[in-house]
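1. the sequence isn't on hand, but the structure is:
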């Protein structure tokens, strides 16, 4: 039971989440409450009508799982009760920097300001009403702000950052299950408590005991299938691209990226920005289409694996993509803006979850009969991991329904037919 | 398998929902797509953070359950394939008339225009783009519009209306399960397919075979517990009252109830109206408080049962409530507007679900050994129903946190201490 | 985290159950392991094919919930860590005294030996290998044995017994959820952790805070619906009666109730006794019918409520039932043994769950603004409880399929037609 | 809705399963009812206490899924209503040939009689009371018997056999979900209805449309993780080996494999054989250990992948394993019988699920824009499948707890240390 227990929050995914009076203060702040109007998976609702969950409930879930990690005796023996509480709060706040439609807006942030949502998280915690609330509760807002994005970098204590931000952090453990619950996609019911229960600290790093290997493998598979079925679904992706286009169309007039104070930034959420976009002369047509589910259509699609990393790199360069766009538009004889090249890892339409596919190692260990913990490379141990740690990338060409055939043919001509023997999936 | 099968929608509650090409056209209309921005349980998210589901997914669910009813051979033998399809579509469209924050806005509709959301549903289906879409699909928009709200009144076929609108209609069967799923409240996992499977037609009315009695009893209990724990939860109700206040504060300036065309009405949704309310000078303070979870507090609460129907009637009169408000404010020495009297069944703050508590009879029957179906009164058969069919009503006095004690004491003085022996629950 | 943590058990209902080295020793004893061969709901599998769960997993679940209760700070502040551990172990052992087919065999125990399964539990813990295991682990077997059946009766500490044995004990909280999970009946998904979280001690008794009222009401309804749909289902009950008949037929030869040592008793389980019954000349025909699902048929059924307690009392007397049996057999012109009178609360075919329907009060309390806890009578507060606290009793007459009509008519003649207006359900 | 609808069975996994009068007759036969006393996963309950589900409920589930397949219009257009019904019945009966402890007994069948459980299934359906029941219902028992084990081999209709017996048959689709439900292992909640919905017939073979690729990949992963976590779990496997030993010890006296009539074989089930084994002088010590969870311990373990198929082949030869056993026993200085070599694919302790790991191709196809269905090799398309289609094999050396260290060291000496870089998992 928590010290300073205040009450509980009922979460459909984790059940009762017990919170302290201090956490209650922070949860009721405008910054955390605003997350109620940021949907977790903007765009995915066009594929999964139930996917309307928000960053708010996810943040409470991350706090809960952070709490489960710091209750694990392998971890709790290395930290004070105070630090444990800080980690819960950092988990709660890890997403406060997100903008409308989450990763869709982050694209604008990166492109126009060179900032990620993590940068904004740090800035907001240090410069908003949260700063005072946190400090009044006896914590240090500056410290919390860095912990929330995994940048505390406390000497000899890397694991502190890794609880919130690493290849098996509580952020991912929460969303893999939560996104499954609300979409109805059935890929993500994995045994997250097995993973949490077997976490340990090796040297100064978080590592997973190999007793949880099946749970780890299921976790990585769940992430990949979620990537394909939810985050990068053809139709959900079309919705995100349309939102991106609308944001770019209206940005100059609405000044979405010219905020200078936390208050200006915080006024932006799914509700307010959607309301502005549907009124704005430049973006209203795009929104009108979204409101009638007249989605962009995918005219061409190709999946690249690690062996194609060179190819993938080419497309990650703005210049190359621009040229490709010109070539296809010319070949198809359509206006340039009717051709949209979509590659998840590139900045033009950034996608957070692409990180998933970067070479990733989850630190693991086994125990000798005497109890010594021996670190291992997961890819040495698990053939699945060995295969999956490569890059995956999907190149798509989108256009309007009426140009689908023309653009499809042009793309095939320029990018090549997709060989029937090409692997289309991990 | 459906004729004219087009594809499927993945619903976290019912699994795959298969749809026809015709349904696909209607689902993609602006009127149905708009339901994505109407939350099912406005206000409940302040109690259950996961309760962010929308009228869109509920509408798809109602269509699905309507389809299950008309597949039941007891029903299907009485209707044509065409009628079966109409009932699905009517289920899909039953909620298109809802406004922002659903029942919260309906209060304004009733008060200012004397219209319910059902009236608006009929009006919209008959006068918007949906009319043409429906007619083009070979259905009759006028007929669908009336079926959608249970007002088709086809001679000798009352059951058609009752599928969509009665004491065990597919609307209630869907939301009792769906609200449970998304809130995490555990009261509503009931055996709805048992009820649907045992539906039959007696004379011209829908009735439930007594073999499903346990499922029926669970259904009624689930509705009552949901009423207390979700729909009429003290805090969720505070949020609804605050939204109501904000809508009333801003109505004159924003002209929320002065729409004259379907387009004007349809422009109102949770997103656009929230964005307006937070900017409007008159309502912005109220929204600011909601954005920081500074909720109205309940200073006094009393539950009434059927025996108190006279008392309940008294409070349902605007005049009585106004006088009560004056008396309490005077006694507490606070401004009049700081005292809010909340009674679910009265028009001042209407609440849809109060209907639940009205004397209600679910038609049931048993079968003789020869198979004759004998109608029964459920309250004759089930002691539970007999007890529960009465009125339940909750009288609450809300105020700001700082006046809670004063207003509480004043309320007790005027309305009487709550006797410790008073039943506070069914 | 537990002191002396040993490992975990994966339970489909509660997830991971963490256990201590001491608990591991006890779990691995023959007495606890034997529970793997005692099905929780003997007979119910003929209605719900999935209902094959055993007393073993239930016992682990009860231990788990007992652990959750003693972690509740309202309780933990009143007991030592050692006592908390004892309560878990007592929960684990509460059912070790059960015989084959659980309550079916208990009927024989009561009839032949005047013993309940609780009496056997105490005897076994004090006289088997468990005694040594428990004492070696530093506990007192005698104390544990009494705690396991709620008969510790420690002065000023009634709540210790009530955790394991009372109207909201962890036994019932576990089985209401577990039976639901494995049968697929949907009546029992209730919020048991809400109940556990709000438990407190009033004077020396366990009581539930009224904040959990909805959960409590759902719990009582779940128990009633489970009673009707699972425990006392017409077909499941027929199976239990047939098992009872087989046991009585073979008892003299097999000496099922003439055990004198723990080892003799413990040799009896579902597997060994079933194997004996199917070979025994006297019982083999009965088993043969069960093996082909040729069940006894219910020829007459009538439900009695509290108002009929006099009637109910009449049938609870062996003599009255015998006379009734004679009268019906004569009237129907069938052999006496073809008529079986079934009443759940009477010793002839005892049924544990009938206790449910006895006048029952769950102690509850509310808190004043100053935090004082005021005890309440639940039936004063909850109309549902007020209604439900009465007796429910079902009188049935079973016979073979071929005599169903004759026996049904004879029963109606003697016992009266069931008035069509009679309530047939709570 | 089924023709000749009789009633429904409530299954915790699939919900209501509707059955016909004909199916009801067959379900109530002794052969199907007997499956209630054959646990699905003998041995797994020592790891997962909830894993007490039986072949009975699985068989009903397989019938249900077979019904879902033949309702899929891609399939139903190729078969008559009668054939559809036969496939359901074949699904229902596919496991009637199993013996006590399922695959554990099958080892004896193979070793002593050269028969698999499928052979017994065919024999029983053709020679027991089932034959008459089936024929009376207007089906052909001989035809059903072959369809039940996928050996109908009807010209141009290979898909008929494949529904019941292939790499994505309804048997596997049922057990992957059912075993997950009852164990609580979370690896198997996969989207089986997506797979069923996309099944089609290519030429004469069942194939899956690539739109279900994610579901297919999840299915294969679920099978692998289940293999490791459930079917071949170190402790569950120990229990199976101990059961195997007990069966072999008592076989001569009990005559378990000397049955000559269906009735003799059918008298063997988990209950009767367990009761015999615990009384038999030769096997009673082994059972006594199981009854106290004194399991054999794994002293050495090594996992082989396809590259090691040569090595794997070596161990699949009885002679090689015998020699290995001698060598280890000598080196460890323990009695020969204290060393148990366990390899899943070899006959000494056969394990059904090892089939999983054989090179396996699930036939798939994609559709061109014109709707032509083009067959594909799944391993060409899915990198995951490409990797996973190899062999997996686990070599373990078990012994009693007291010899664990000695036998472990001897095994390491003879079989080699497990290189720390060896992959221990897919």
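-> Now that the structure is in, tell me what you want to look at. For clarity, every value in this text was computed on a predicted model and none was experimentally measured.
2. near chain D at all, the helix or strand hosting residue A:380?
-> Per DSSP states H and E, residue A:380 falls inside helix A:378-381. Yes - Helix A:378-381 lies within reach of chain D by C-beta under 8 Å from any C-beta of the partner chain, at A:380, A:381. Any C-beta I mention is one placed from the backbone N, CA and C, and that applies to glycine too.
3. and the gap between residue A:91 and residue A:402?
-> Distance, residue A:91 to residue A:402, using C-beta to C-beta, to the nearest Å: 47 Å.
4. sorry, that was for residue A:268
-> In terms of C-beta to C-beta, residue A:268 sits 33 Å off from residue A:402.
5. chain center to the helix holding residue A:380: distance?
-> 25 Å (C-alpha atoms, centre = their mean, to the nearest Å).
6. and stretch A:215-222, by the same measure?
-> The answer for stretch A:215-222 is 17 Å, by C-alpha atoms, centre = their mean.
7. hmm, that stretch touching chain D?
-> Yes - applying C-beta under 8 Å from any C-beta, one finds stretch A:215-222 touching chain D at A:217, A:218, A:221.
8. for the second one, phi and psi?
-> Summarising the backbone geometry of residue A:218 under the convention degrees, to the nearest 10, its torsions are phi -60, psi -40.
9. and for it, the neighbour number?
-> Look at residue A:218: counted by other C-beta atoms under 10 Å in any protein chain shown, it has 31 neighbours.
10. tell me where the stretch 301-426 of chain A has strands.
-> With DSSP state E, counting those that start in this stretch as the criterion, the stretch 301-426 of chain A has strands at A:340-342, A:364-367, A:373-376, A:392-399.
11. between those strands, which one is nearest to residue D:384?
-> strand A:392-399 (11.2 Å; C-beta to C-beta).
12. partners of that closest one, with directions?
-> Next to strand A:392-399 in the sheet, as set by DSSP bridges, lie strand A:297-305 (antiparallel), strand A:340-342 (antiparallel).
13. avg pLDDT for it?
-> On average, the pLDDT along strand A:392-399 is 85.
14. repeat for stretch A:86-106
-> 96.
15. and the end-to-end length of that stretch?
-> Terminal residues of stretch A:86-106 are spaced 26 Å apart (C-alpha to C-alpha, to the nearest Å).
16. check whether it comes near chain B.
-> No - Stretch A:86-106 lies apart from chain B when judged by C-beta under 8 Å from any C-beta; the minimum separation is 10.6 Å.
17. now do stretch A:132-148
-> No - Stretch A:132-148 does not reach chain B (C-beta under 8 Å from any C-beta); its nearest approach is 10.8 Å.
18. list the buried residues of that stretch.
-> Judged by neighbour count using 16 or more other C-beta atoms under 10 Å in any protein chain shown, the buried positions of stretch A:132-148 are A:133, A:134, A:137, A:139, A:141, A:143, A:144, A:145, A:146, A:147, A:148.
19. so which of the residues you listed comes closest to chain B?
-> Using C-beta to the nearest C-beta, residue A:133 comes nearest to chain B of the buried residues of stretch A:132-148, at 10.8 Å.
20. quick one: residues contacting that closest one.
-> If you count contacts by C-beta atoms under 8 Å, 6 or more residues apart in numbering or on different chains, residue A:133 has them with A:25, A:26, A:29.
21. longest helix anywhere in chain A?
-> helix A:234-254 (DSSP state H).
22. give me the angle between that helix and strand A:297-305.
-> 110 degrees (axes from the mean of the first three to the mean of the last three C-alpha atoms, to 10 degrees).
23. so residue A:293, which state does it fall into?
-> Assigned by DSSP: H, G, I helix; E, B strand; the rest coil, the conformation of residue A:293 is coil.
24. leaving out the residues flanking it, which one is nearest to it?
-> Computed as C-beta to C-beta, 6 or more residues apart in numbering or on different chains, the closest residue to residue A:293 that is not its neighbour in sequence is residue B:28, at 4.3 Å.
25. for that neighbour, what are its contacts?
-> Contacts of residue B:28 (C-beta under 8 Å, 6+ apart): A:292, A:293, A:294.
26. what packs against the helix holding residue A:380?
-> helix A:383-388 (3 or more C-beta pairs under 8 Å, 6 or more residues apart in numbering or on different chains; DSSP states H and E).
27. picking that back up, from the contacts of residue A:133, which are also near chain D?
-> Counting by C-beta under 8 Å from any C-beta, no member of the contacts of residue A:133 reaches chain D.
28. so of the residues you listed, which ones are in helices?
-> A:25, A:26.
29. between the contacts of residue A:133, which is nearest chain C?
-> Closest to chain C, out of all of those and judged by C-beta to the nearest C-beta, is residue A:25, at 21.3 Å.
30. next, count neighbours for the closest residue to chain B within the stretch 301-426 of chain A.
-> Proximity of the stretch 301-426 of chain A to chain B (C-beta to the nearest C-beta) peaks at residue A:401, 12.2 Å away. When neighbours are counted by other C-beta under 10 Å, residue A:401 registers 11.
31. and for the closest residue in space to it that isn't next to it in sequence, the neighbour number?
-> Spatially, and ignoring its direct neighbours in sequence, residue A:401 is nearest to residue A:297 (5.0 Å; C-beta to C-beta, 6+ apart). When neighbours are defined as other C-beta under 10 Å, residue A:297 has 19 of them.
32. give the contact list for the closest residue to residue A:366 other than its chain neighbours.
-> Excluding the flanking residues, the one nearest residue A:366 by C-beta to C-beta, 6+ apart is residue A:210, at 4.6 Å. If you count contacts by C-beta under 8 Å, 6+ apart, residue A:210 has them with A:364, A:365, A:366, A:376, A:381, D:424.
33. need the phi and psi values for residue A:210.
-> Taking degrees, to the nearest 10 as the convention, residue A:210 sits at phi -70, psi -10.
34. looking at this, residue A:79 is in a strand?
-> No - counting by three-state DSSP, residue A:79 is not part of a strand but coil.
35. tell me how far it lies from residue A:160.
-> 8 Å.
36. pull up the overlap in contacts between these two.
-> Common contacts of residue A:79 and residue A:160 (C-beta under 8 Å, 6+ apart): residue A:87.
37. give me the residue from the stretch 51-200 of chain A nearest chain C.
-> residue A:73 (5.1 Å).
38. in this structure residue A:400 contacts residue A:338, no?
-> Yes - at 6.0 Å, residue A:400 and residue A:338 qualify as touching, with contact defined as C-beta atoms under 8 Å.
39. sorry, back to before: and the pLDDT at the residue nearest to residue A:401?
-> 96.
40. same question, residue A:383
-> Value for residue A:383, per-residue pLDDT: 73.
41. over to residue A:426?
-> Reported pLDDT for residue A:426: 50.
42. quick one, helices of the stretch 51-200 of chain A?
-> With helices called from DSSP state H, counting those that start in this stretch, the stretch 51-200 of chain A shows them at A:55-71, A:73-76, A:81-93, A:103-108, A:117-127, A:129-136, A:141-148, A:158-164, A:170-183, A:192-198.
43. residues from the stretch 51-200 of chain A in reach of chain B?
-> A:52, A:53, A:54, A:56, A:57, A:60, A:181, A:182, A:183, A:184, A:185.
44. how far away is the residue nearest to residue A:397 when sequence neighbours are not counted from residue B:342?
-> With sequence-adjacent residues excluded and distances taken as C-beta to C-beta, 6+ apart, residue A:397 is closest to residue A:300, at 4.1 Å. When distance is defined by C-beta to C-beta, residue A:300 is 58 Å away from residue B:342.
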